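A.B. asks: Predicted model and sequence follow; I will ask about them next.
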Amino acid sequence: MKTALGVTAALALSVAVLPAASAGPAVSAEPDFASIALTPGKGWSGTGSWSTRPGQYRQEFTVGITNIAGHEERGLDLFVSFPTDRLEVTSYEGRDWNCWDVNDGPGAEGIRCTQNHLIVDKEAWPALKIHTSVVKWEHYNDSIDVYAEAGGHAKVHAGQLFKIDTST
């Protein structure tokens, strides 16, 4: 009888544990093909969340993308999303980047960029530096989000919180 109770207790314990274990976050079937880093430049301050003040500076930030797919990749498509009614792109720079403005409504505003370099595993695509200026002089919190695609892989994403600070 002790064995039967032990087995019953073990089954009850495993049933109690299974639902909690399966409630964890979903794991992507495909690992990310690239890593994305956003680095603040002139006009941005702070660690964690970036901050800028309108009128004092133009802002710039750099998008760095490294191939971690385990094989070479040719070409890269980026969407850099930010509120265009708060920040506007004044220019961009980076070897062989082609960028254009996009304004397809809230959440689909910013710039799209393409790059056609052949990049081996663990190598970075040429950096993309984006120059912006504040459009509205009012306190505001949001994020800059970068989505990258290449070679049919699932999109990778990196985001950066920012605020436009008008306090004195």
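C.D. replies: Arrived safely, thanks for sending.

A.B. asks: Glu60 touches Gly41, doesn't it?
C.D. replies: Yes - assessed by C-beta atoms under 8 Å, Glu60 is found in contact with Gly41 at 3.8 Å. Glycine gets a C-beta too; all of them are placed from N, C-alpha and C.

A.B. asks: overlap in contacts of these two?
C.D. replies: Lys129 (C-beta atoms under 8 Å, 6 or more residues apart in numbering).

A.B. asks: Tell me which of the two has more neighbours.
C.D. replies: For the pair Glu60 and Gly41, the greater number of neighbours falls to Glu60 (19 against 14), based on other C-beta atoms under 10 Å.

A.B. asks: give me the beta-bridge partners of that one?
C.D. replies: Beta-bridge pairing for Glu60 (DSSP bridges): His131.

A.B. asks: Identify the residues contacting it.
C.D. replies: If you count contacts by C-beta under 8 Å, 6+ apart, then Glu60 has 41-44, 129-132 around it.

A.B. asks: for Val135, same thing?
C.D. replies: Val135 makes contacts with 84-88, as judged by C-beta under 8 Å, 6+ apart.

A.B. asks: Tell me the buried residues within those.
C.D. replies: Neighbour-count burial (16 or more other C-beta atoms under 10 Å) applied to these gives 84, 86-87.

A.B. asks: among those, which are in strands?
C.D. replies: Counting by DSSP state E, those place Leu87 in strands.

A.B. asks: that older thread, let's see the PyMOL selection covering just the buried ones among the contacts of Glu60.
C.D. replies: Restricted to buried positions by 16+ other C-beta under 10 Å, the PyMOL selection for the contacts of Glu60 reads:
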select buried, resi 43+44+129+130+131+132
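
A.B. asks: Could I get the contacts of Glu60 in a markdown table, plus columns for pLDDT and distance to Gly75?
C.D. replies: Converted to a markdown table, the contacts of Glu60 look like this (pLDDT from 0 to 100; distance: C-beta to C-beta, whole Å):
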| residue | pLDDT | distance to Gly75 |
| --- | --- | --- |
| Gly41 | 95 | 26 |
| Lys42 | 94 | 30 |
| Gly43 | 94 | 31 |
| Trp44 | 95 | 29 |
| Lys129 | 98 | 20 |
| Ile130 | 98 | 20 |
| His131 | 96 | 24 |
| Thr132 | 95 | 25 |
